[in-house]
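Novice: give me a 3D structure for the following:
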Amino acid sequence: METNDQQELNPSEELQNKDLESFPYRMGVLVLLFMVYALNYLDRQIIGILAVPIKTELELSDTQLGLMGGVAFALFYSILGIPIARWADRTSRVGIITTALTLWSGFTAVCGMATGFWQLFLARLGVGVGEAGGVAPSYSLICDYFPKHQRARALGFFSLALPVGSALGLFIGGNLAAEYGWRAAFIVLGGVGLVLAPVFFLLVKEPPRGRLDMDEGSAPDQQCTFMEVVRTVLPKPSFWYLSLGSAVAAMLTYGLSFWLPSFVQRSLQMDLPQTAQFLAAAALIGGVSGILIGGFLGDYLGQKRSSAYGYVPAIAFLIALPFMVGVVIFDNLGLVFFTLLVPQAMGLVWAPPSIAAIQKLAPAHMRATSSAIFLFIANLIGLGLGTVVFGVVSDLMTDRYGTEALRWAILICCVTLYPLAAFLYLMVARTLPKDLDTNAT
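Specialist: Predicted structure coming up:
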């Protein structure tokens, strides 16, 4: 009798297990994670569309704008990501994501109250502190809700938050700023996150860790030290090529997202609402296409040959380069828009295959921490330097090119960074199969 009682499931546990296996519930969780990540990216990138009015009111240089868009955010976002992920590998990921969403949304609203460079810089630091707890725990949750053969698509859907969040930030932020001022845009969008946080906490259940990966030797809720994670992933060359390739890709993604609104307004003479609509449409159409392409090819080709996780992004970057050059040199708005769709799409193809590959390089109980190390490298370089490099090059060329300096800065950065990203992903294709074979043994 005692044995039978021990074997019986608590009714609430039985209900939770049924929910975890329910496809509608799992998709509902994925949608909520997507919404949180969209707000994460929206609050991260909104300063790009607001850069011109902020620069005018606070009398900032392009370098100062770049520091706020990059270093101010990336500093704590990158550094705190690892200890928060260690916490996520040991405790409730749902609770961590809820707390993170509340923090970064609150600091986004505070940005709207800044009256000078340092106040806005410190508020952006606060946004980075909050967002440090959002992404790596989300990756880990998705891997415990979706089996291996569905993960690249699930992570691809999750990554759609990048273009959707960017497009919403451009459209909503730009129009709010045009109508009510840039401060109102920060306050309203920060408030949206504060409303979503308790909804997320109440609806999303914490699944057993590693429940879909028992064949990989990870017991649910198995514990490990940080150094065990380091010894597992850092010796693998493909981990470094993925991290550095993603860092260069992030320099392009964040740099272009931040500076294209200023470029369109300065060089193509569009006002703020027109810029918001123009770039939001390009980000949504192109970005969503790129994420879907990357997710589909990551699942389809990656199941056949793991080297595809490297080849797919490498080819995408090589395709993007000539079209991005066209965006910078063309002056016809229609031609610029349709040309921009290609680099907007190809510039995000890398995300789903990279994320899926990183999840394969570590066992289930190490995923949040290994993802955080990957994100630390990618974001410290990509987010920390991307916006700053574009801004510094623009300031250096201002004496010679005046208002066209930003056009030349974008051109120089793209001609340098696209080939470098392609090379690093070609190295991923070369080293990943061997590293995954080592995993299996």
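Novice: burial count for E179?
Specialist: Using other C-beta atoms under 10 Å, E179 is surrounded by 11 other residues. For glycine as for every other residue, the C-beta is placed from the backbone atoms N, C-alpha and C.
Novice: just the element for it, please.
Specialist: E179 is part of helix 161-180 when elements are defined by DSSP states H and E.
Novice: how far off centre is that helix?
Specialist: Remark: helix 161-180 is offset 17 Å from the chain centroid, using C-alpha atoms, centre = their mean, to the nearest Å.
Novice: so which elements touch that helix?
Specialist: The contact analysis (3 or more C-beta pairs under 8 Å, 6 or more residues apart in numbering; DSSP states H and E) places helix 161-180 against helix 23-49, helix 182-203, helix 237-267, helix 272-302.
Novice: hmm, try it at 10 Å
Specialist: Helices and strands touching helix 161-180, by 3 or more C-beta pairs under 10 Å, 6 or more residues apart in numbering; DSSP states H and E, are helix 23-49, helix 51-58, helix 182-203, helix 237-267, helix 272-302, helix 333-346.
Novice: okay, the angle between the first one and helix 237-267?
Specialist: Right, the one you point to is helix 23-49. 50 degrees (axes from the mean of the first three to the mean of the last three C-alpha atoms, to 10 degrees).
Novice: which positions within helix 23-49 qualify as buried?
Specialist: Buried residues in helix 23-49, counted by 16 or more other C-beta atoms under 10 Å: 25-26, 29-30, 32-49.
Novice: and for the third one?
Specialist: Applying a neighbour-count criterion of 16+ other C-beta under 10 Å, one finds 182-183, 185-190, 192-193, 196-197, 200-201 buried in helix 182-203.
Novice: name the residues that touch the next helix or strand after it?
Specialist: Scanning forward in sequence from helix 182-203 by DSSP H and E, the next helix or strand is helix 226-233. The contact list for helix 226-233, computed with C-beta atoms under 10 Å, 6 or more residues apart in numbering, reads 82-83, 85-86, 89, 224-225, 239-240, 242-243, 358, 361-363, 365-374, 435, 439.
Novice: which of these are buried, as a PyMOL select command?
Specialist: PyMOL command restricting the contacts of helix 226-233 to the buried ones, with burial defined by 16+ other C-beta under 10 Å:
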select buried, resi 82+85+86+89+224+239+240+242+243+358+361+362+363+365+366+367+368+369+370+371+372+373+374+435
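Novice: pull the contacting residues for the closest residue to G156 other than its chain neighbours.
Specialist: Among residues not flanking G156 along the chain, G295 sits closest, at 2.1 Å (C-beta to C-beta, 6 or more residues apart in numbering). Shown in contact with G295 (C-beta under 10 Å, 6+ apart): 151-160, 349, 351-353, 355-356.
Novice: so which of those comes closest to T63?
Specialist: Proximity of those to T63 (C-beta to C-beta) peaks at A351, which lies at 28.2 Å.
Novice: the closest one: how many residues sit nearby?
Specialist: A351 has 27 neighbouring residues, counting by other C-beta under 10 Å.
Novice: measure it to A357 for me?
Specialist: Applying C-beta to C-beta, to the nearest Å, the value for A351 to A357 is 11 Å.
Novice: now the common contact residues for those two.
Specialist: Common neighbours of A351 and A357 (C-beta under 10 Å, 6+ apart) are 298, 313.
Novice: run through the strands of the stretch 1-150 of the chain in chain order.
Specialist: Assigned by DSSP state E, counting those that start in this stretch, the stretch 1-150 of the chain shows no strands.
Novice: spatially central residue for the chain, please.
Specialist: L162 (5.9 Å; C-alpha atoms, centre = their mean).
Novice: need the per-residue pLDDT for the closest residue to G191 other than its chain neighbours.
Specialist: Spatial nearest neighbour of G191, excluding adjacent residues (C-beta to C-beta, 6+ apart): A109 at 6.2 Å. pLDDT for A109: 94.
Novice: any weak-confidence spans in the stretch 51-200 of the chain?
Specialist: Within the stretch 51-200 of the chain, the segments meeting pLDDT under 70 span 69-70, 72-73, 152.
Novice: can you rerun that using 90?
Specialist: Where the stretch 51-200 of the chain drops to pLDDT under 90, the residues are 51-92, 114-118, 120-179, 181.
Novice: V288: neighbouring residues, count only.
Specialist: The number of residues packed near V288 is 18, by other C-beta under 10 Å.
Novice: residues contacting it?
Specialist: Applying C-beta under 10 Å, 6+ apart, the residues near V288 are 160, 162-164, 167, 344-345, 348.
Novice: as a markdown table, the residues you listed with distance to F337 would be great.
Specialist: Shown next, in a markdown table, are the contacts of V288 (distance: C-beta to C-beta, whole Å):
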| residue | distance to F337 |
| --- | --- |
| L160 | 21 |
| L162 | 20 |
| P163 | 15 |
| V164 | 19 |
| A167 | 14 |
| Q344 | 10 |
| A345 | 13 |
| L348 | 17 |
